[in-house]
Every structure is written in structure tokens, then in C-alpha cells.
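Undergrad: Following is a predicted model, sequence given first.
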Amino acid sequence: MTSTFAPTPLTQRAAWQALAAHYEQIREIHLRELFAEDPTRGERFALEAEGFYLDYSKNRLTDETLRLLSALAEESDLRGRIEAMFSGEKINTTEKRSVLHTALRAPRGATVIEDGENVVPEVHAVLDRMAEFADRVRSGEWRGYTGRRIRTVVNIGIGGSYLGPDMAYDALKHYSARDLKVRFVANVDGSNFAEVTHDLEPDETLFIVCSKTFTTLETMTNAHSARRWCLAALGDEQAIAKHFVAVSTNAAEVEKFGIDTAHMFGFWDWVGGRYSMDSAIGLSTMIAVGPEHFRALLDGFHAMDEHFRTAPFERNLPVLMALIGLWYNNFFGAQTVAVLPYDYYLGKLPAYLQQLDMESNGKHVDIDGQQVTYQTGPIIWGQPGTDGQHSFYQLIHQGTKLIPCDFIGFCQTLNPIAPHHDQLMANFFAQTEALAFGKTEAEVRAEGVADWLVPHRVFEGNRPTNTLLAERLTPGVLGKLIALYEHKVFTQGVIWNLDSFDQWGVELGKVLAQRIIPELESTGETALTHDSSTNALIRRYRRAKRQS
Ligand SMILES: O=P(O)(O)OC[C@H]1O[C@H](O)[C@H](O)[C@@H](O)[C@@H]1O
């Protein structure tokens with residue numbers, strides 16, 4: 001069943017037009033004024049939920065802005081779209097699929113119906129098999145072909161079959177078995193494979209080939225190289241069963257590759273690649289941290305799902321963050337969002353969120369195929385603090401572009417080595433303060449700065465930030481954080497009226513590469529029929545290749 005709601009075009013909705021008018025009134029107002037007007041602003045514009053404290057007071061908005069943004073969510077039928085997603089409607093219309101990553105973390109015993117069937121028992125059956133396998137690898141019961149225990153797990157996969165596990169492995173290092181390493185091969189560049197495997201012992205290495213489709217060029221090329229690497233050392237086809245397992249929705253292709261489907265962990269076409277780190281794609285995560293921590297991660301995801309589904313919009317973390325983001329994206333003309341985690345373990349969060357957000361909402365037509373007349377998904381980027389401070393923060397503080405930032409930090413460190421955490425968090429708090437309030441010309445002059453230097457030392461301020469503070473980074477908190485961003489992206493996609501779950505934009509390049517591969521591999525001078533630029537580049541490459 002699909003929803004029958006036909007929204008008024010976005011820019012014609014009453015709330016959108018009211019926001020456009022409201023923007024004209026508010027665009028010049030400085031955060032200094034907003035804070036001066038209301039001494040309670042810092043506490044009033046904050047939300048405590050699911051273990052997070054979101055301070056959104058340092059944003060260029062008022063109660064009226066929030067009221068209008070919430071009205072826009074209502075007019076966009078956000079409530080109905082949330083229910084449509086959770087209840088298994090085929091909201092991914094271009095691929096005619098349900099979008100049920102939320103079922104991956106539904107508790108045992110819950111009911112989520114997809115095409116007339118409850119999928120929760122299947123989800124838990126796979127989780128149970130994963131747990132059994134992870135325990136066997138972790139305990140050393142699962143042995144390699146020569147009888148040695150597994151010391152390194154290599155996840156072969158790309159996109160959604162890589163970024164989540166890679167991010168989570170770093171994020172949960174503190175909880176990981178230290179005698180078992182996880183590495184990642186994603187890029188089709190042979191240097192990735194070479195560098196990851198050069199110091200590994202084949203008989204102590206387990207490859208997890210992760211691919212939803214099991215046809216992705218990069219992953220299949222790397223998996224075949226891994227197979228050859230393994231066979232070259234162990235010399236027996238029988239060894240493959242001990243050193244390869246697969247995660248996929250495509251059992252036929254897994255078998256064709258030569259992996260016994262008894263060693264395959266499945267998932268379903270209602271899980272998008274970029275929403276799959278909590279499916280069997282998380283097998284490497286589970287092996288690293290153990291089934292109990294993995295379940296805590298899932299519980300975290302689920303808690304945020306429930307919050308998103310039930311909390312009123314103005315007290316709803318993902319909805320609020322989505323609406324604030326939309327305010328800058330569509331009214332202030334901000335092109336990007338910086339995600340700045342003040343936690344070493346979250347170093348790969350920006351890269352993970354790039355796929356989650358940009359592959360979901362980087363669309364120029366709406367769900368009905370109509371060209372949009374408004375901006376859609378922003379460019380996501382970032383780096384952990386404090387590293388970024390010594391590099392690109394200059395532009396955020398004094399550049400000509402408006403860059404809304406998400407600052408993410410924790411009250412407690414997992415590595416209490418004084419004085420590090422206080423210093424880290426002092427920087428965390430200082431940055432949002434500096435960005436919001438800046439430093440006026442009068443303040444700079446009062447410091448006795450020479451006239452000619454004054455303009456360089458002035459900080460305009462009025463640069464918006466969200467601060468997301470949690471107690472400490474645990475598997476559960478990571479799950480909540482990722483679900484928060486998943487639902488933020490969903491909320492924005494609903495308002496922009498997009499299909500946030502397809503990714504046609506990645507297809508053209510793939511198809512053209514398939515056409516070019518034989519042109520590069522062929523030893524003869526096959527005719528080239530591309531444009532003159534592409535032809536010249538290919539000819540140059542072939543010439544260099546012949547000479548090498
Ligand atoms: O898991 P796979 O089927 O190998 O897909 C891996 C990735 O490649 C595709 O091209 C898409 O851009 C991603 O959404 C996907 O996660």
C-alpha cells in the first residue's frame with residue numbers, strides 16, 4: 001500500500017511562504033542580540049532526550065522560526081511519512097521497495113510487516129547466527145585452514161558495505177578485542193588491497209565479503225584478489241571455506257563466487273546500503289566488539305527510532321536538527337554542513353555521514369520526477385576537533401561563507417589521562433562561543449591592537465552551531481547518534497519531497513567505466529568513440545602503459 005498524500009509543492013506551502021517572509025525580518029539579527037534579549041535562551045533552546053543534550057540556542061532563530069518550521073513539517077505530512085516508513089510502505093518508489101532499516105533493530109518479539117510477513121523473526125535469526133559465528137571467531141574455536149586461529153578480519157566492501165563498519169570499528173575501538181584486528185579493503189585501487197594484506201598471514205586471516213548486490217565491481221575485484229592471495233599461500237580450494245564468509249542479499253552470486261551459503265549472512269532489499277551497518281553488514285563490528293555490545297548498539301538505534309516516531313516535533317531530536325538544517329539550506333543559502341566530533345574515536349563519522357546524507361538527498365528531481373525549484377541536500381564534511389581548528393576553522397570563523405556546524409562531544413572520556421579531556425572540552429565550548437559571539441571592533445581596539453591590524457582581528461560572529469553533548473561514547477550512544485542522523489536525513493527528504501532511498505546518480509559513471517575497461521585492457525589500438533577529451537586521456541594512458 002502506498003500513501004495517497006499529495007503535498008502542495010513545497011514553495012507554495014503556507015509555512016514555507018511564512019518562513020520566507022520571516023527570513024527577511026531575521027536575516028540581519030545577530031546572536032548577540034538574541035542572547036541579550038533573553039537571558040534564559042541558552043537553556044530554553046535546548047533539548048534533553050535519549051541521553052543527548054542538544055543545545056540549539058546558538059542558531060539564528062527565534063520561537064517564531066521554530067513554530068513555522070514545525071508547521072512546515074506538519075504541512076509536509078511528516079507524521080504520515082514517518083508512519084509510512086515504519087510500517088513498511090514502499091516509500092522507495094523508484095525501486096518499489098519498503099524502507100525498513102528500523103526493523104533491523106526492532107526487539108525480538110516485535111512485529112514489523114513487510115509484504116504481509118513479519119520480518120522481525122528473520123532479523124533475529126540472522127543476528128543469532130552472526131552472534132554464534134562472532135563468538136567462534138573471537139574465542140578461537142573457528143580456525144583457519146592450517147588450524148591456526150584468526151587474528152585479522154578483512155572486510156571487503158564499498159559504500160554502505162564499508163563506511164558504516166569502518167566508522168563503527170574506530171568508534172568502538174575501546175570495546176574491541178585487542179588481539180583481533182579488523183581491516184578494510186574498499187577501493188578498486190590495488191594499492192588498497194596490497195597495503196592491507198602485505199603484513200598478514202593468510203592462514204590467520206578471515207575475509208568477509210560484504211556486498212548487498214554481490215555484483216559491485218570494486219568488491220568483486222578485491223574479493224577475487226583475496227581469493228588468489230589465499231590460494232597462492234594455502235594451495236587448496238578447501239581453504240576458501242575457512243577463510244571466506246559473505247554478507248549479501250544475493251545468495252546465487254555468493255554461491256557463484258564459491259562461498260558456501262552456509263557461510264553467508266543475509267539481509268533484505270528493504271535495507272538500503274547506507275542504512276545497513278546494523279544488519280549483517282555489521283558482522284565485522286560484531287566480531288570486534290562481541291555480540292553483547294552489538295546488541296547494545298542496536299538497542300541504541302531502536303531507542304532513537306522510538307523517540308523519532310513518538311516525540312512531538314518541537315521535542316524531537318532528529319526533527320529539530322533537520323528543521324534547523326533546512327532553515328540554513330533553503331533560506332540562508334548555506335551550501336554545506338560541517339560535522340565536528342570532539343572525540344578521536346568518531347574520526348570517520350563525517351565520511352560516514354557523507355554517504356548517508358549526500359547519497360540520500362543529493363537529488364535534483366522530486367519523488368514524482370519533477371525538477372525541484374529549491375535547494376536539496378547539503379554538502380557534508382568535517383573532521384574531529386581539535387585537528388580541524390588548526391586547519392579549516394579559519395574559514396568558518398572569518399571566511400565569506402556561512403557554515404552551520406554540528407559540534408559533538410562527551411562529558412566523560414574513555415581514556416582519562418589528565419589533563420587531556422578538560423583541554424579538549426574547553427576547546428569544544430570555546431569554539432561555539434567564539435563562532436556565535438565573535439569579537440567586535442571595539443573589543444579588539446580595547447586590547448590596544450594597532451589600527452591597521454584591527455580589521456584582521458575582528459570576528460563577526462553570528463556563525464550558527466548545534467552542540468550535541470552526551471555522557472560518554474558507548475555502543476548504545478553510537479547507535480542513537482547514527483539513528484538520529486538517519487532520521488534527520490529522512491525528515492529533510494520528506495520536506496523536500498525526495499526519494500531519499502535510491503541512488504541513480506551513481507549509475508552513469510559505473511556504466512561508462514565498464515565500457516572503458518576493455519579499452520584500457522586491450523593491447524591493440526581499438527578505436528575510441530568518446531569525446532575528444534576522454535579519447536585523448538585514454539590514448540595517453542595506453543601509451544604510458546605500453547612504455548612501462
Ligand atoms: O553493497 P553493494 O551492493 O556492493 O553496494 C555498495 C555501494 O555501491 C553503490 O554504487 C551505491 O552507491 C551504494 O549505495 C552502495 O552502498
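TA: Good, I have the coordinates.
Undergrad: Could you use CA atoms for every contact and neighbour count after this?
TA: OK.
Undergrad: Report the separation between the closest residue to the ligand within the stretch 401-548 of the chain and residue 212.
TA: Closest to the ligand within the stretch 401-548 of the chain is residue 506: 5.5 Å, counting by Cα to the nearest ligand atom. Distance of residue 506 to residue 212, computed by Cα to Cα, to the nearest Å: 15 Å.
Undergrad: ditto for residue 142
TA: From residue 142 to residue 212 the distance is 25 Å (Cα to Cα).
Undergrad: before we move on, back to that, count the neighbours of the residue of the stretch 401-548 of the chain closest to the ligand for me.
TA: 10 (other Cα atoms under 10 Å).
Undergrad: Looks to me like it is in a strand.
TA: No. Per DSSP: H, G, I helix; E, B strand; the rest coil, residue 506 lies outside any strand segment and is helix.
Undergrad: So which residues of the stretch 201-350 of the chain form helices?
TA: Counting by DSSP state H, counting those that start in this stretch, one finds helices in the stretch 201-350 of the chain at the ranges 217-234, 239-243, 251-257, 283-289, 291-310, 317-327, 349-353.
Undergrad: any chance of those in CSV, with mean pLDDT, mean neighbour count and distance to residue 455 too?
TA: Output for the helices of the stretch 201-350 of the chain, formatted as CSV (pLDDT from 0 to 100; neighbours: other Cα atoms under 10 Å; distance: least, Cα to Cα, whole Å):
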stretch, mean pLDDT, mean neighbour count, distance to residue 455
helix 217-234, 98, 17, 51
helix 239-243, 96, 21, 63
helix 251-257, 94, 15, 63
helix 283-289, 98, 27, 50
helix 291-310, 98, 20, 45
helix 317-327, 99, 23, 30
helix 349-353, 98, 22, 33
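Undergrad: Which one, of the ones you listed, ends up nearest to residue 163?
TA: helix 349-353 (5.4 Å; Cα to Cα).
Undergrad: residues in contact with the spatially most central residue of the chain?
TA: By Cα atoms, centre = their mean, the chain has its centre lying nearest to residue 353, at 2.7 Å. By Cα atoms under 8 Å, 6 or more residues apart in numbering, the residues touching residue 353 are 380, 485.
Undergrad: Near the ligand, which residues of the protein are found?
TA: Residues of the chain lying near the ligand by Cα under 6 Å from any ligand atom: 158, 159, 160, 161, 211, 212, 213, 214, 216, 273, 274, 506.
Undergrad: isn't the first one right next to residue 218, touching?
TA: Yes. Under the criterion of Cα atoms under 8 Å, residue 158 makes contact with residue 218 at 7.2 Å.
Undergrad: Pipe the helices of the stretch 201-350 of the chain into a markdown table and attach distance to residue 547 per row.
TA: A markdown table is the format used below for the helices of the stretch 201-350 of the chain (distance: least, Cα to Cα, whole Å):
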| stretch | distance to residue 547 |
| --- | --- |
| helix 217-234 | 25 |
| helix 239-243 | 37 |
| helix 251-257 | 35 |
| helix 283-289 | 42 |
| helix 291-310 | 52 |
| helix 317-327 | 52 |
| helix 349-353 | 38 |
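Undergrad: Give me the local confidence score for the one residue in the stretch 301-450 of the chain that gets nearest to the ligand.
TA: Closest approach of the stretch 301-450 of the chain to the ligand (Cα to the nearest ligand atom) occurs at residue 359, with a separation of 7.1 Å. In this model, residue 359 is scored at 98, pLDDT.
Undergrad: can you check residue 524 too?
TA: At residue 524, pLDDT is 77.
Undergrad: what's the answer for the one 10 residues further on, then?
TA: At residue 534, the model reports a pLDDT of 97.
Undergrad: any idea which helix or strand carries it?
TA: According to DSSP states H and E, residue 534 maps onto helix 532-547.
Undergrad: elements contacting that helix?
TA: Counting contacts by 3 or more Cα pairs under 8 Å, 6 or more residues apart in numbering; DSSP states H and E, helix 532-547 packs against helix 507-521.
Undergrad: can you pull the buried residues of the helix it packs on?
TA: 519, 520 (16 or more other Cα atoms under 10 Å).
Undergrad: before we move on, what about stretch 412-423?
TA: Buried residues in stretch 412-423 (16+ other Cα under 10 Å): 413, 421.
Undergrad: Centre of the chain to that stretch, how far?
TA: Here stretch 412-423 is found 27 Å from its chain centre; the criterion is Cα atoms, centre = their mean, to the nearest Å.
Undergrad: So which residues make contact with that stretch?
TA: 174, 471, 472, 473.
Undergrad: right, and the helix or strand after the helix or strand hosting residue 428?
TA: If you go by DSSP H and E, residue 428 is part of helix 420-437. Sequence-wise, the next helix or strand downstream of helix 420-437 (DSSP H and E) is helix 441-446.
Undergrad: what packs against that next one?
TA: Helices and strands touching helix 441-446, by 3+ Cα pairs under 8 Å, 6+ apart, are helix 454-457.
Undergrad: Now do the buried residues in the helix it packs on.
TA: Neighbour count says helix 454-457 has 454, 457 buried, by 16+ other Cα under 10 Å.
Undergrad: centre of the chain versus that helix, how much separation?
TA: Taking mean C-alpha positions (Cα atoms, centre = their mean), helix 454-457 and its chain are 38 Å apart.
Undergrad: Output it as PDB - backbone C-alpha positions only.
TA: The C-alpha coordinates for helix 454-457 follow below in PDB (Å, rounded to 0.1, in the frame of the first residue of the first chain):
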ATOM      1  CA  VAL A 454      42.100  45.800  13.700                       C
ATOM      2  CA  PRO A 455      40.100  44.500  10.700                       C
ATOM      3  CA  HIS A 456      42.100  41.300  10.700                       C
ATOM      4  CA  ARG A 457      41.400  40.700  14.300                       C
END
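Undergrad: After it, which helix or strand is next?
TA: Immediately after helix 454-457, counting by DSSP H and E, sits strand 465-470.
Undergrad: Relative to that following strand, what are the paired strands and their orientations?
TA: Counting by DSSP bridges, the strands paired with strand 465-470 are strand 52-55 (antiparallel), strand 405-410 (parallel).
Undergrad: most tightly surrounded among these?
TA: strand 405-410 (a mean of 23; mean count of other Cα atoms under 10 Å).
Undergrad: where in the chain is pLDDT low?
TA: For the chain, applying pLDDT under 70 flags the ranges 1-6.
Undergrad: How far off centre is stretch 146-160?
TA: 23 Å.
Undergrad: burial of the residue lying closest to residue 121 once chain neighbours are set aside, as a residue count?
TA: In space, and not counting its chain neighbours, residue 121 is closest to residue 108: 7.1 Å by Cα to Cα, 6 or more residues apart in numbering. Residue 108: 12 surrounding residues under other Cα under 10 Å.
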